[in-house]
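[1] Below are the sequence and a predicted model; questions follow.
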Amino acid sequence: MDGVKGIPANFSPHAAVLMGSAMEQIRATFAAEDWNGLRQSHFRLLTSVPAQGISITDLAELLRMTKQGCGQFVASLSYFGYLTATENPTDRRARIVRRTALGDRTVLAVNERIFRIEQNWAQLVGQRRYATFRRVLLELSDG
């Protein structure tokens, strides 16, 4: 144990660094393609909006962001036609966020693109190992 505070000297990069590297591969793939100015943060929000809609407060909680930040993303994505935010008929103080047809098409395209990335990863490491990796990620994310 020649490492710092009990960490072995030959300790490889920790999980956060490795997951960050995998996410960077996804970001770079999307950045190299034309997504009409949308970024991963937009995709994350769009793909989190359920078909029945969701309040901005609940969406912010789901995404672990502030209501104000979430509201800004919703406003921007609404402006460009991906979302609508309408008054909640049961609580006029709240707004319900729903995807538009453009938002639905974008989510489908994003999911298809990520699926292709995952297929490539599975080819690189083998289908069984990748399936195990996905199961572990689901367990760790309480999915």
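    Perfect, thanks for sending it.
[2] got the contact list for the residue sitting nearest the centre point of the chain?
    Centroid check for the chain by C-alpha atoms, centre = their mean gives residue 44 as the closest residue, at 3.3 Å. Residues in contact with residue 44 (C-beta atoms under 8 Å, 6 or more residues apart in numbering) are residue 63. C-beta: built from backbone N, CA, C; applies to glycine.
[3] cool, residue 116 as well?
    No residues are in contact with residue 116 under the rule C-beta under 8 Å, 6+ apart.
[4] Could you check how far it is from residue 90?
    Separation of residue 116 from residue 90 (C-beta to C-beta, to the nearest Å) stands at 41 Å.
[5] Just checking, which helix or strand succeeds the longest strand that the chain contains along the chain?
    For the chain, the longest strand by residue count, based on DSSP state E, is strand 91-99. Heading C-terminal from strand 91-99, the first helix or strand you meet, by DSSP states H and E, is helix 101-125.
[6] Give me the angle between that next one and strand 91-99.
    50 degrees (axes from the mean of the first three to the mean of the last three C-alpha atoms, to 10 degrees).
[7] and the helix or strand just after helix 101-125, how far from the chain's centre?
    Per DSSP H and E, helix 101-125 leads on to helix 127-140 as the next helix or strand towards the C-terminus. When distances are taken as C-alpha atoms, centre = their mean, to the nearest Å, helix 127-140 is centred 18 Å away from the chain's centroid.
[8] show me what contacts residue 35?
    43, 106.
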